[in-house]
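>>> sequence plus the predicted model coming up.
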Amino acid sequence: MDASQIFELPGAEIRSLTKTAQGFQIEATTLVTGGTCPDCTTVSTQIHSRYQRHPRDLPCQGVKVTLHLAVKRFFCRNPRCSRRTFVEAIPPLVLRYARRTLRLTDHLQAIAFALGGESGTRLSTCLGISTSPATALRIIEQIALPEPPTPRVLGVDDWAYRKGQRYGTVLCDLERHCVIELLPDREAKTLAKWLKAHPGVEIISRDRGSAYIEGATLGAPHAQQVADRWHLLKNLREVVQTILEQQRRVLRINEEGPVPASLSGEQLPSTPSAGKGLSKKAQASALRREKRLARYQHVMELHAKGVATQAISQLVGSGEETVKRYVEAAGFPEIKRSHTVVSKTLAPYLDYLNQRWTEGCYNATQLWREITAQGYPRSLQSVQNYLAPRRHAVDLSPPLPLASQPIRVRRYTPRQVAWFVMADKKELDPQVQHDLALLRQRSAAIDQAYQLAKSFITLVRERQADQLATSLKQAWAASAVWQTFATGLYKDHAAVRAALSLEWSNGQTEGQVNRLKTIKRQMYGRAGFALLRKRILYRAA
């Protein structure tokens, strides 16, 4: 098969094709008969000499391809030109002084913009293109991106160089769905300067940060500003969470529940109880052990019946890892106790303590008083630490009444309950719905926050712009926290109302920020602003 049917070289003719250990070697000559001087643009056909260039071309089936291209050097016949000779140009194939063909550079450019230096180099090697990370980044830096058109609808949001320390601004064309610019900070004057340099923006969708409000007002005073709906709901959730922080004492629910089969009294281990001088801490520890033992027995019963681990976890109320640990254990896994180190001061009194313990005195405070009378100079804590393992081994806990009902305690954080309030009721677990209703009954502030939040959520999601004034009046009449929320919305009233009446929002801008963060993390420590900006704007170009 003729090599010209496999390889195509614009502006050149293939003479031969050779397969070597290094790849394909293509001998070719140019087809031009004259050239144009790059300095004075004089056309010349007088040949001075010929020589070979060896640019790399696109690989074929993963094998490297190198050109041996015979090119001509022409005389420049313009006496006023400082250049005496020049080499012919082959624009469709390779540029002057280039070591790669244009099509190979285009492929490397696409890979570099998509993956960056290190990852792009690894992929290029797999495709049969040898390059380096520095070369891939240099290709990006050499590309001049065209100036995008001024958007009619602009999305503005911030992004983090380093969270909590340094931020920039991303600008998106919400109609074309692309990033059009990155700004090095999130200052109002920077945004205002860009808007003044790009007149024609009619709508600006932004979050509720004061810098962007000021920058949009100064840079495009006639543009319609639109508050982001997601940020409105975020501000609402923060208000609800602040109110719940003041109601923490209400967020604990104690509920007596039915006794599981394993706690019904059947085959409960009988524990001898001395009960002499038993501290409340020891009683609580023993009670916790009884409950863990009953839970372990329940898990083993279900496992013996062939119930799956996930189902056991849901029935018993323990995590799947706990269930697996119970099933794989040879027996009931006791809590490991740390080894007690006896101090030199207590060592002379150990025989006496052991004797009194054998006689049935389990009160650490009493034993401490007795050895103190004998000259022991230290505190009660040392005696308690020494007796703790013995107390656990003897198990001084009183037996549980067979008819006792375990008390289930559910503790919720303000953040959890705030999310429950913001969520759709259909998405909540029935137990959570029950607990949320109980919390509303316990606290008038929580009930009020729930009603106001649900009203505002409906207002935002159903775009009820006409109900905004009524909703703000209800919030203002509620409490100081709600008044602060309402005051902020009053100050930004026009943008909030636009958010409830226009289709535009910052959703796609947030998506572009996520893409920006992904690209930035791919670049590790080489994500300088100039390089990062070019990679982000490449798709928009």
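It's in. Residues are numbered from 1 along each chain as shown.
>>> C-alpha only now, for contacts and for neighbours.
Noted.
>>> ranges for the helices of the stretch 1-150 of the chain?
102-115, 118-126, 133-142 (DSSP state H, counting those that start in this stretch).
>>> would a markdown table of these with mean neighbour count, distance to Ala89 and mean pLDDT be doable?
Listed next are those as a markdown table, based on neighbours: other Cα atoms under 10 Å; distance: least, Cα to Cα, whole Å; pLDDT from 0 to 100:
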| stretch | mean neighbour count | distance to Ala89 | mean pLDDT |
| --- | --- | --- | --- |
| helix 102-115 | 18 | 13 | 89 |
| helix 118-126 | 17 | 28 | 89 |
| helix 133-142 | 17 | 20 | 88 |
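>>> contacting residues for the closest residue to Phe75 other than its chain neighbours?
In space, and not counting its chain neighbours, Phe75 is closest to Thr85: 4.5 Å by Cα to Cα, 6 or more residues apart in numbering. Contacts for Thr85 (Cα atoms under 8 Å, 6 or more residues apart in numbering) come out as 48, 73-76.
>>> ok so, going back, among the helices of the stretch 1-150 of the chain, which comes closest to Ala494?
Proximity to Ala494 (Cα to Cα) singles out helix 102-115 among these, at 40.3 Å.
>>> and the contacts of the closest one?
With Cα under 8 Å, 6+ apart, helix 102-115 has contacts from 56-58, 92-95, 120, 123-124, 136-137, 139-140, 519, 522, 535, 538.
>>> could you rerun that using 7 Å?
Residues outside helix 102-115 that contact it (Cα atoms under 7 Å, 6 or more residues apart in numbering): 57-58, 93-94, 120, 136-137, 139-140, 535.
>>> so that helix versus helix 133-142, what angle?
Using axes from the mean of the first three to the mean of the last three Cα atoms, to 10 degrees, the direction of helix 102-115 lies 100 degrees away from that of helix 133-142.
>>> out of the helices of the stretch 1-150 of the chain, nearest to His493?
Short answer: helix 102-115, nearest of those by Cα to Cα, at 41.7 Å.
>>> for the closest one, output the C-alpha coordinates as CSV.
Extracted in CSV, the C-alpha atoms of helix 102-115 (Å, rounded to 0.1, in the frame of the first residue of the first chain):
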residue,chain,number,x,y,z
LEU,A,102,0.8,21.7,13.9
ARG,A,103,-1.6,18.8,14.3
LEU,A,104,0.6,17.2,17.0
THR,A,105,0.7,20.5,18.8
ASP,A,106,-3.1,20.7,18.6
HIS,A,107,-3.4,17.3,20.2
LEU,A,108,-0.9,18.1,23.0
GLN,A,109,-2.8,21.3,23.6
ALA,A,110,-6.1,19.5,24.0
ILE,A,111,-4.5,17.0,26.4
ALA,A,112,-2.7,19.7,28.4
PHE,A,113,-5.8,21.8,28.9
ALA,A,114,-7.9,18.8,29.9
LEU,A,115,-5.4,17.1,32.3
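>>> now, which of the contacts of Thr85 sits nearest Tyr296?
Closest to Tyr296, out of all of the contacts of Thr85 and judged by Cα to Cα, is Arg73, at 89.8 Å.
>>> pLDDT below threshold where in this protein?
1-6, 255-282, 330, 336-342, 390-409, 539-541 (pLDDT under 70).
>>> mind giving me the domain ranges of it?
Listed by automatic domain parsing, the domain ranges of the chain are 3-99, 104-142, 153-228+505-537, 231-254+410-501, 261-394.
>>> now the helices for the stretch 401-541 of the chain?
With DSSP H, counting those that start in this stretch as the criterion, the stretch 401-541 of the chain has helices spanning 414-422, 430-442, 444-461, 468-476, 480-491, 493-501, 507-522, 529-537.
>>> does the closest residue to Thr169 other than its chain neighbours sit in a helix, a strand or a coil?
Counting by Cα to Cα, 6+ apart, the nearest residue to Thr169 once its immediate chain neighbours are dropped is Asp158, at 4.3 Å. Of the three states, Asp158 takes strand according to DSSP: H, G, I helix; E, B strand; the rest coil.
>>> what's Asp158 in contact with, if anything?
Per Cα under 7 Å, 6+ apart, neighbours of Asp158: 167-170, 186.
>>> go through those residues and say which is closest to Leu293.
For these, the nearest to Leu293 is Tyr167 (53.2 Å; Cα to Cα).
>>> sorry, back to before: which of the contacts of Asp158 sit farthest apart?
Checking these with Cα to Cα, the most distant pair is Tyr167 and Val170, at 10.0 Å.
>>> looking at this structure, which helix is longest?
When the chain is parsed with DSSP state H, its longest helix is helix 280-304.
>>> buried sites along that helix?
282-283, 286-287, 289-290, 293-300, 302-303 (16 or more other Cα atoms under 10 Å).
>>> Pro10: which of these is nearest?
Nearest to Pro10 among those, with distances taken as Cα to Cα, is His303, at 73.4 Å.
>>> and the closest one, how far from Leu182?
58 Å (Cα to Cα, to the nearest Å).
>>> same check, this time on Val94
33 Å.
>>> again, but for His107
The value you get for His107 to Leu182, if Cα to Cα is used, is 25 Å.
>>> Gln224 too?
In terms of Cα to Cα, Gln224 sits 22 Å off from Leu182.
>>> the more surrounded of those two?
More neighbours surround Leu182 than the other of Gln224 and Leu182, with 20 against 17 (other Cα atoms under 10 Å).
>>> give me the element the residue nearest to that one when sequence neighbours are not counted is part of.
Leaving aside its chain neighbours, Leu182 sits nearest to Val170 (4.8 Å; criterion: Cα to Cα, 6+ apart). In this assignment (DSSP states H and E), Val170 forms part of strand 166-173.
>>> which residues touch that strand?
Counting by Cα under 7 Å, 6+ apart, 151, 153-161, 178-186, 509 sit against strand 166-173.
>>> angle of it against helix 507-522?
Using the same axes, to 10 degrees: strand 166-173 against helix 507-522 is 130 degrees.
>>> note down every partner strand of strand 166-173 and its orientation.
strand 153-162 (antiparallel), strand 178-183 (antiparallel) (DSSP bridges).
>>> now it: buried residues?
Those would be 167-173, for strand 166-173 by 16+ other Cα under 10 Å.
>>> which one of those sits closest to Lys196?
Leu171 (14.2 Å).
>>> tell me how far that closest one lies from Gly164.
Taking Cα to Cα, one finds Leu171 at 20 Å from Gly164.
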